[in-house]
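> Curious how this folds, go ahead:
(2 chains)
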Amino acid sequence: MRLYNTLTRQVEPFAPVRNNTVRMYTCGLTVYARGHIGNFRTFVGVDVLRRALKYVGGFQMHHVMNFTDVDDKTITGAEKAGLPLREYTDQYIQAFREDALALGIEPVEDTPRATDPENLQAMADMIKQLGEHGHTYQTDGSIYFKIATLPTYGKLARLDHEGIQAGARVDSDEYDKENARDFVLWKATKPGEPTWDVGCGPGRPGWHIECSAMALRLLGESPIDIHTGGVDLVFPHHENEIAQSEGATGKEFSKFWFHIEHLLVDNQKMSKSVGNVYTVQDVLDRGFRLSALRYILLSAYYRKQLNFTWVGLEQAEESLRRITDFLGRVGGLSGGVAHVEVATRVAEAVQRFDAALADDLNTAAGLGELFDLIRALNIAMDARQVGEADAPGIQAAFDHFDQVLGVLSLRHAEEATPPIPQAEIDAGIEARQDARRRRDFAEADRIRQELLDKGVILEDGPKGTRWKRR
RNA sequence: GGCGCCGUCGCCAAGUGGUAAGGCAGAGGUCUGCAAAACCUCCAUCCCCGGUUCAAAUCCGGGCGGCGCCUCCA
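Next up, the predicted model:
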């Protein structure tokens, strides 16, 4: 398996440093609001990485994804809502879990929260360690990381430090720093803010320290194998995580840095001021299924910006329909022996699919292989060169594709939920069959239209009539 | 201002030196009570201009256009 590494700006062969288990950390959501579809591009992208490592690479996973449940936004939000911080962030964590599930994102092994006592303790320990190594200083009860003490600072982002220093838009925090590039590890208590005293003086953690501390606490000794997140985290977040972790341990923090490009809406980054922020719920409200959203996210290379449009969602619906229709056709095969040619063609497709995914997660090329196989098998089925005995092998191949893509099973679950009671559909199909036998086609068409209006499409095939969701 | 990415058919999107995958949409046909689905056929020379090469969408230079990062941010 080969992956692009932001640290080296190159595609490199990947293997876990320790044994067969990949130790991976993902910077999760800051839970001050419901996650938007841009957030979920990242999380679906990470999910595909995770699945590819498991099902193509054959590795085990120890995957940590955190929730940032304390920062300026969560504190302000909780205050506005009149809720305790923990209670306020709970609701968005819950919402994230629901959205993630609905998008077919596999649960990860650990989902720590910054304010869990053991994590705050780990942060304090790391800050102490940094102090012992001479990387910190204090001002007014806050503790800062002194970048000048770490010569390798900037190796990930490769930014022009002089430029940062001279820039007018540097951190406008009220906290005093010796140097604009320095960043805060622990913020001294301010009136009305939540505060913890775990050995760094009363206060709350800076943003970056939580990820360093939780990653090493849960994944063990560095280097970990992969650290992931959205591109916008490269600087300063990930750069600072490296500074903290490597400053504290003296060892490399992570072998691979994996970043997912932004989802754009209307060709722009989503932002509240532009008014182009959509949530998972918004997609549902427009009558789309989340399998279509996941499909869109899968249809482009993760390192390229992806422009989200509603037209694109419609196209994704249709593409997905082609796959599920094909699978339905395979499921309806009857009679006939197994064909060697079919098995060979299927094996070829699986092999190519895996190769595409192993090549830095080329899901678009993988989908291309999948559709090529569909065409080939459709032609073969028309020529009656595919038998019922071939079906399990074909099914197994698509199950494999979907272990990585995670979109067909999602679609299946959606399809299985009828828009109207199953009995009503069955009754309609039955009544229509009667009408057709009587050659009362007007009545047959009326019934079909009636069901269509209720969101059920009927299709007549050799094995009778089947239905699917509109 | 600094750094970086991108520009491939109407739309989406692979391909990064050997003569343009795939999906959606569209046109014609086969099949069907009619549909739907499926199948067949058709549908691009890769933003522009130079250069390197036997050979470039793919490499180099210069334009034009879009986006992102440099500040909280997926």
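> alpha carbons only for contacts and neighbour counts from here, please
Noted.
> For RNA strand B, give me its nearest residue in the stretch 101-250 of chain A.
With C-alpha to the nearest atom of the strand as the measure, residue A:230 is the residue of the stretch 101-250 of chain A nearest to RNA strand B, at 2.4 Å.
> For that residue, name its beta-bridge partners.
Beta-bridge partners for residue A:230, by DSSP bridges, are residue A:260.
> Now do it against residue A:155, distance only.
18 Å (C-alpha to C-alpha, to the nearest Å).
> So which of these two has more stuff around it?
Each of residue A:230 and residue A:155 has its neighbours counted (other C-alpha atoms under 10 Å); residue A:230 has more, 22 against 14.
> ok, the more buried one - contacts?
The contact partners of residue A:230, by C-alpha atoms under 8 Å, 6 or more residues apart in numbering, come to A:42, A:259-262.
> Go again with 6 Å.
A:42, A:259-260 (C-alpha atoms under 6 Å, 6 or more residues apart in numbering).
> Need the nearest residue in space to residue A:327, chain neighbours excluded.
Nearest non-adjacent residue to residue A:327, counting by C-alpha to C-alpha, 6 or more residues apart in numbering: residue A:395, 7.7 Å away.
> Let me know the pLDDT of the one you found.
In this model, residue A:395 is scored at 96, pLDDT.
> likewise residue A:169?
For residue A:169, the model assigns a pLDDT of 41.
> any idea how far residue A:335 lies from residue A:202?
Separation of residue A:335 from residue A:202 (C-alpha to C-alpha) stands at 74 Å.
> Remind me which helix or strand residue A:23 belongs to.
strand A:21-26 (DSSP states H and E).
> residues making contact with that strand?
With C-alpha under 6 Å, 6+ apart, strand A:21-26 has contacts from A:16, A:59-65, A:224-229.
> go again using 8 Å as the cut-off
Under the contact criterion C-alpha under 8 Å, 6+ apart, strand A:21-26 has outside partners A:16, A:46, A:59-66, A:215, A:219, A:224-229.
> So which of these are in strands?
A:60-65, A:224-229 (DSSP state E).
> What are the boundaries of the helices in the stretch 101-250 of chain A?
Per DSSP state H, counting those that start in this stretch, the stretch 101-250 of chain A carries helices over the ranges A:117-132, A:161-166, A:207-219, A:239-249.
> what about those helices, which gets the closest to residue A:177?
helix A:161-166 (12.3 Å; C-alpha to C-alpha).
> So for the closest residue to residue A:199 other than its chain neighbours, what's the pLDDT?
Closest residue in space to residue A:199, ignoring its immediate chain neighbours: residue A:124 at 6.1 Å, by C-alpha to C-alpha, 6+ apart. Looking at residue A:124, its pLDDT reads 97.
> go on, residue A:460?
86.
> Can you give me the distance of residue A:440 to RNA strand B?
Distance, residue A:440 to RNA strand B, using C-alpha to the nearest atom of the strand, to the nearest Å: 8 Å.
> what sits against that residue?
Residue A:440 neighbours (C-alpha under 8 Å, 6+ apart): none.
> so what's residue A:211 up against?
Residue A:211 sits next to A:27, A:66, A:241 when contact means C-alpha under 8 Å, 6+ apart.
> Now for the last one, how many residues are close by?
Spelled out, that is residue A:241. Using other C-alpha under 10 Å, the number of residues around residue A:241 comes to 23.
> One more: the first one?
Counted by other C-alpha under 10 Å, the residues lying close to residue A:27 total 22.
> still on that earlier bit, would the residue nearest to residue A:327 count as being in a helix?
Yes: Residue A:395 forms part of a helix when assessed by DSSP: H, G, I helix; E, B strand; the rest coil.
> Could you count how many residues lie near it?
Neighbours of residue A:395 (other C-alpha under 10 Å): 15.
> Please tell me how far it sits from residue A:192.
59 Å.
> list the helices and strands the longest helix anywhere in chain A packs on?
In chain A, assigned by DSSP state H, the helix with the most residues is helix A:310-331. The contact analysis (3 or more C-alpha pairs under 8 Å, 6 or more residues apart in numbering; DSSP states H and E) places helix A:310-331 against helix A:290-298, helix A:363-382, helix A:391-405.
> is RNA strand B contacted by it?
Yes: residues of helix A:310-331 contacting RNA strand B under C-alpha under 7 Å from any atom of the strand: A:311-312, A:314-316, A:318-319, A:322, A:325-326, A:329.
> quick one on the thing from earlier: is it possible to get JSON lines of the helices of the stretch 101-250 of chain A that adds distance to RNA strand B?
JSON lines is the format used below for those (distance: least, C-alpha to the nearest atom of the strand, whole Å):
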{"stretch": "helix A:117-132", "distance to RNA strand B": "16"}
{"stretch": "helix A:161-166", "distance to RNA strand B": "5"}
{"stretch": "helix A:207-219", "distance to RNA strand B": "6"}
{"stretch": "helix A:239-249", "distance to RNA strand B": "10"}
